[in-house]
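**Student:** I would like the atomic coordinates for the input below:
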Amino acid sequence: MSEPSPGIPQYMIMGYVDGIPFVRYDSERGRMQPLTPWMAAGAEPGYWDRGTQTAEWNRLLAANNLETVGARYNWSGGLHTVQTLSGCDLLSDGSVRGSRRDGIDGRDFISFELGSRSFVAADGAAQITKRRWEHDGIAVERLTHYLENTCPEALRRFVGCGREALERK
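**Tutor:** Sure, this is the predicted structure:
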């Protein structure tokens, strides 16, 4: 968010499993925190410190991205937001489905589907991002690795921690 205010953090992460929020980070608290008893009890040693470091890195990256996009849209101040939704599903046949979607000020900006391994840009400003990310190859490689490996492994761990509570849902 370009203009945070008291009680409204500049940056926030919410983690969900089956629609249940289970972890949170916000830039006002500055710490990754559990939102469920099963996650508080089940996280391995060092998890909260690593999660906080990753969240802080992502906060800096998001602030930079907001600045970059602002220049493309010729913003001259005001309240603006970047929202990213990324995740994976473990399918019954053992395969994984994953995606990432980025929005600017509540509108679609760019998306990535694991199945196609390609970006879809919503407008001209997003086309610039799409060309850069596809040209360097690093963004496709990182997102593919995250959605095929990191996300499913983490999801399996989280489901293991909260199996009893999640199966009641």
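**Student:** restrict stretch 105-117 to CA atoms and write it as PDB.
**Tutor:** Below are the C-alpha coordinates for stretch 105-117, written out as PDB (Å, rounded to 0.1, in the frame of the first residue of the first chain):
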ATOM      1  CA  ASP A 105      -5.700  -1.000  -7.300                       C
ATOM      2  CA  GLY A 106      -8.200  -3.800  -7.400                       C
ATOM      3  CA  ARG A 107      -7.700  -4.500 -11.100                       C
ATOM      4  CA  ASP A 108      -6.000  -7.500 -12.800                       C
ATOM      5  CA  PHE A 109      -2.400  -6.800 -13.700                       C
ATOM      6  CA  ILE A 110      -0.500 -10.000 -14.500                       C
ATOM      7  CA  SER A 111      -1.000 -13.700 -13.900                       C
ATOM      8  CA  PHE A 112       0.900 -16.900 -14.200                       C
ATOM      9  CA  GLU A 113      -0.500 -20.400 -14.500                       C
ATOM     10  CA  LEU A 114       1.700 -23.400 -13.700                       C
ATOM     11  CA  GLY A 115       0.200 -25.500 -16.400                       C
ATOM     12  CA  SER A 116       1.100 -23.100 -19.200                       C
ATOM     13  CA  ARG A 117       4.200 -21.700 -17.600                       C
END
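**Student:** buried ones in that stretch, by neighbour count?
**Tutor:** Buried residues in stretch 105-117, counted by 16 or more other C-beta atoms under 10 Å: 109-114. All C-beta atoms are positioned from the backbone trio N, CA, C, and that covers glycine.
**Student:** for the top helix by length along the chain, packing partners?
**Tutor:** Ordering each helix of the chain by length in residues (DSSP state H) puts helix 47-72 first. Using 3 or more C-beta pairs under 8 Å, 6 or more residues apart in numbering; DSSP states H and E as the contact criterion, the elements in contact with helix 47-72 are strand 20-26, strand 82-90, helix 124-136.
**Student:** need the next SSE after the longest one, C-terminal direction.
**Tutor:** Looking back up the chat, that one is helix 124-136. The helix or strand immediately downstream of helix 124-136 is helix 138-145, counting by DSSP states H and E.
**Student:** flag every buried residue along that next one.
**Tutor:** Across helix 138-145, burial judged by 16+ other C-beta under 10 Å covers 139-140, 143.
**Student:** thanks a lot, catch you later.
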